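> can't give you the sequence, but here's the structure:
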């Protein structure tokens with residue numbers, strides 16, 4: 001029975017802590033311009049794709065062949 005009360009008190013403390021954290025974030029204005037943040041993340045991903053053309057211009061099979069050659073070199077060195 002003591003464990004039940006301990007679990008109830010612990011869950012209430014965590015709930016109150018979450019509410020206090022939410023109120024703190026609202027008062028510090030952490031929830032402003034959420035749309036701008038979303039677009040900043042999106043455009044930074046697009047810029048990374050545009051900035052790395054050498055990977056996208058290489059045929060897919062060529063990459064696999066290079067990886068297979070490296071694996072066979074490592075296997076022959078271990079024996």
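Okay, I see it. Here the structure is a predicted model, which is why all the values come from computation and not from measurement.

> alpha carbons only for contacts and neighbour counts from here, please
Fine.

> in the longest helix along the chain, which residues are buried?
Looking across the chain with DSSP state H, the single longest helix is helix 2-27. Across helix 2-27, burial judged by 16 or more other C-alpha atoms under 10 Å covers no residue at all.

> report all helices and strands that it contacts.
Helices and strands in packing contact with helix 2-27 are not found; criterion 3 or more C-alpha pairs under 8 Å, 6 or more residues apart in numbering; DSSP states H and E.

> continuing past that helix, what's the next helix or strand?
Sequence order places helix 34-51 as the next helix or strand after helix 2-27, per DSSP states H and E.

> pLDDT of that following helix, averaged?
The pLDDT scores in helix 34-51 average 77.

> do the same with stretch 6-14
98.

> can you list the residues that contact that stretch?
By C-alpha atoms under 8 Å, 6 or more residues apart in numbering, the list of residues contacting stretch 6-14 from outside is empty.

> can we see that at 10 Å?
Residues outside stretch 6-14 that contact it (C-alpha atoms under 10 Å, 6 or more residues apart in numbering) are 2, 3, 4, 5, 15, 16, 17, 18, 19, 20.

> redo those as TSV? Include distance to residue 32.
Converted to TSV, the contacts of stretch 6-14 look like this (distance: C-alpha to C-alpha, whole Å):
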residue	distance to residue 32
2	44
3	42
4	40
5	39
15	24
16	23
17	22
18	19
19	18
20	18
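
> and of those, the nearest to residue 47?
The closest of these to residue 47 turns out to be residue 18 (C-alpha to C-alpha; 36.3 Å).

> what pLDDT does the closest one get?
At residue 18, pLDDT is 98.
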